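# show me the folded form of this:
(4 chains)
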2 protein chains.
Amino acid sequence: MKNKDTYIEVGQIDPLEIMDKFGLLCTVDCVIFGYNQESLNVLTIECTTKPYVDKLSLLGDVLYREETTNEAAKRILRERAGLQNIYMEDVGVFSDIDRHPLSRVITVGYYSLVQIEDFAIVDAQNRHLTWIDVATIEEMAYDHKKILDSALIKLKKTIRQQPIGFKLLPEKFTLNQLQSFYEVVLGIKFDKRNFRRKLKSLDVLTDLGEIQDEVSHRPAKLYSFDSTAYEKRKANGGVNFTV
Amino acid sequence: MKNKDTYIEVGQIDPLEIMDKFGLLCTVDCVIFGYNQESLNVLTIECTTKPYVDKLSLLGDVLYREETTNEAAKRILRERAGLQNIYMEDVGVFSDIDRHPLSRVITVGYYSLVQIEDFAIVDAQNRHLTWIDVATIEEMAYDHKKILDSALIKLKKTIRQQPIGFKLLPEKFTLNQLQSFYEVVLGIKFDKRNFRRKLKSLDVLTDLGEIQDEVSHRPAKLYSFDSTAYEKRKANGGVNFTV
DNA sequence: CCAAAAGTGTTCTGCGTACACCCATGG
DNA sequence: CCATGGGTGTACGCAGAACACTTTTGG
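Sure thing, here's the model as predicted:
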């Protein structure tokens, strides 16, 4: 095995010296997906840093010394989008050397899921906070497009294995709404009968015994997600959500 | 939406000031898995930092300013274990506030796979570099046990979807060796006939027309991994490696 | 000829997939 | 009564899972 005399390990040299040499900034960027019964969107803000002024950017902030990246992501969601207790998953580290124009900044990506209707945007900072259909986004500030793409890949993978889809629907929903959610996010069509059989066989839906009203056609039954049944199922060996 | 007057964005205030306030260290830690036909092991080193002196630690180093975390992981594998061009996958960020005793240090985990026979340990630093059976590890320095556990979970998941198992076997191997590798890593037993049928149906094995010698029983046929066939297969919609 | 590991086929079951028509409501 | 979306059942094919005996070699 090779050795290296210049080998440095954190803690073996003066902390001040090492910070001076290797200290860097870490940020957290949040991909906030919003679904509106038609399209999958992402919450964006206009960037104010050269050379990306006016380009679309994700909501992000620097990681504080006294918080984990998870806590930072929660803080960003809460302070900058008014979102609390929502689904959140790690997308990974992005550490390209020149990803930030002003200094060495690595970032940790997270993604979340919300229903757009539940979430009234108040653009207090006048920063042009906007939902953009992910299908139309071609370019973003920094490497945020790359983060978005990774988040989308992870969302698609996860959605097939866990019923997180319910997080993007109203509490009471119809089976067609559920199906159309999967179709929009995954970009594929499902057979109605097969979709329903599969979902019902999972035993995580509660038939509320209610129906839609104010629709000019046969009203659909309303369902809700039975999270205790799901947790039980998960404990007994997992959910296979392939549809 | 809530606003926050104290909101800070990287690039909007003096870079020196922000480094002073939010600068931190980032390290990369490598979980190097080694398989020896019997058990799954991980390469460890004795830690020299209080309060973890003599505890087991992963190979890691601080992230340099001019490299990505991927590059740092490659450097660690090369300089400290003599490993080059080996399989490597990201495990994620570990950012607990007190995970390092001397300062705020976040780390990015990676894992790799090697065959122990191919890799002669030269412990030039006299740091007690050792292969340890992962099944016997209960405690490690820092949060390295947590990183190891995450790496193991990811390895198990990945091994079922991609034929990375071949990276942990000699170039020529028998089907029983391959099966036993899967059994050791996943901790479950497979039916011999089903395993063989499944593997052969994947079309990624080359029958070398050779057999074992110097065994005191019927010699087994030797196979190698046909990586071009695998790449073709992957391109045409992926491999399902469930066994 | 014995020990030890190599090698081999069939059946059953469950799941994904393809496919077409009637139903309930509002206007 | 018509337009609109809601709702239902059957048949086929593939893949995973269960299961036991014969073969080849060295000692």
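# please count neighbours and contacts with C-alpha atoms only from this point.
OK.
# show me what from chain A comes close to DNA strand C.
With the criterion set to C-alpha under 7 Å from any atom of the strand, chain A comes near DNA strand C through A:191-194, A:198, A:213-219, A:240, A:242-243.
# now, those that are in helices?
Using DSSP state H, the subset of the residues of chain A next to DNA strand C located in helices is A:192-194, A:198.
# go through these and name the one nearest chain B.
Using C-alpha to the nearest C-alpha, residue A:198 is the member of these that lies nearest chain B, at 21.1 Å.
# so what's the residue count around that closest one?
14 (other C-alpha atoms under 10 Å in any protein chain shown).
# how about residue A:61?
Residues lying near residue A:61 (other C-alpha under 10 Å) number 21.
# for it, list each beta-bridge partner.
Note on residue A:61: beta-bridge partners by DSSP bridges are residue A:28.
# distance of it relative to residue A:27?
Residue A:61 sits 5 Å away from residue A:27, going by C-alpha to C-alpha, to the nearest Å.
# could you do residue A:112 as well?
Taking C-alpha to C-alpha, one finds residue A:112 at 17 Å from residue A:27.
# swap in residue A:73?
Relative to residue A:27, and taking C-alpha to C-alpha, residue A:73 is found at 9 Å.
# more crowded one of those two?
Of the pair residue A:73 and residue A:27, residue A:73 is the one with more neighbours under other C-alpha under 10 Å, namely 28 against 22.
# can you pull the phi and psi angles for the more buried one?
In terms of degrees, to the nearest 10, the main-chain angles of residue A:73 are phi -60, psi -40.
# coming back round to it: closest to residue A:175 among the residues of chain A next to DNA strand C?
Checking the residues of chain A next to DNA strand C against residue A:175 by C-alpha to C-alpha gives residue A:192 as the nearest, at 9.1 Å.
# okay, that closest one: pLDDT?
On pLDDT, residue A:192 comes in at 97.
# and for residue A:236?
At residue A:236, the predicted lDDT confidence score is 69.
# how far off centre is the helix ranked longest in chain A?
Identified as the longest helix of chain A according to DSSP H is helix A:144-159. Its chain's C-alpha centre and that of helix A:144-159 lie 8 Å apart, by C-alpha atoms, centre = their mean, to the nearest Å.
# going by neighbour count, list what's buried in that helix.
For helix A:144-159, a neighbour-count test (16 or more other C-alpha atoms under 10 Å in any protein chain shown) marks A:144-145, A:147-148, A:150-152, A:155, A:159 as buried.
# please apply the same query to stretch A:93-106.
By neighbour count on 16+ other C-alpha under 10 Å, the buried set for stretch A:93-106 is A:93-100, A:103-106.
# how about that stretch and chain B, any contact?
Yes: using C-alpha under 8 Å from any C-alpha of the partner chain, stretch A:93-106 reaches chain B at A:93, A:95-97, A:102-104.
# turn the buried residues of stretch A:93-106 into TSV, including distance to residue A:20.
Output for these, formatted as TSV (distance: C-alpha to C-alpha, whole Å):
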residue	distance to residue A:20
A:93	22
A:94	22
A:95	19
A:96	20
A:97	17
A:98	19
A:99	20
A:100	19
A:103	13
A:104	13
A:105	15
A:106	17
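# looking at the residues you listed, which two lie furthest apart in space?
The span of the buried residues of stretch A:93-106, defined through C-alpha to C-alpha, is set by A:93 and A:103 at 16.6 Å.
# make sure residue A:67 is actually in contact with residue B:94.
No: counting by C-alpha atoms under 8 Å, residue A:67 stays clear of residue B:94, with 11.7 Å between them.
# so which of the ones in helices among the residues of chain A next to DNA strand C is the most crowded?
Highest neighbour count within those: residue A:198, with 14 neighbours (other C-alpha under 10 Å).
# pLDDT-wise, which helix or strand of chain A ranks last?
helix A:227-235 (a mean of 81; mean pLDDT, DSSP states H and E).
# and that helix, what's buried?
If you call a residue buried by 16+ other C-alpha under 10 Å, then helix A:227-235 has these buried ones: residue A:230.
# export that helix to PDB, keeping only CA atoms.
The C-alpha coordinates for helix A:227-235 follow below in PDB (Å, rounded to 0.1, in the frame of the first residue of the first chain):
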ATOM      1  CA  SER A 227     -51.300   6.000   7.400                       C
ATOM      2  CA  THR A 228     -51.500   3.500  10.300                       C
ATOM      3  CA  ALA A 229     -52.300   0.700   7.900                       C
ATOM      4  CA  TYR A 230     -49.300   1.900   5.800                       C
ATOM      5  CA  GLU A 231     -46.900   1.900   8.800                       C
ATOM      6  CA  LYS A 232     -48.000  -1.600   9.700                       C
ATOM      7  CA  ARG A 233     -47.500  -2.700   6.200                       C
ATOM      8  CA  LYS A 234     -44.100  -1.100   6.100                       C
ATOM      9  CA  ALA A 235     -43.000  -2.800   9.300                       C
END
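# give me the distance from that helix to the chain's centre.
Chain-centre distance of helix A:227-235: 22 Å, with C-alpha atoms, centre = their mean.
# identify the residues contacting that helix?
A:203-204, A:239 (C-alpha atoms under 8 Å, 6 or more residues apart in numbering or on different chains).
# and for residue A:73 and residue A:27, which residues touch both?
residue A:60.
# can you pull up the most central residue in chain A?
With distances taken as C-alpha atoms, centre = their mean, residue A:111 lies nearest the centre of chain A, 2.1 Å away.
# appreciated, that's everything.
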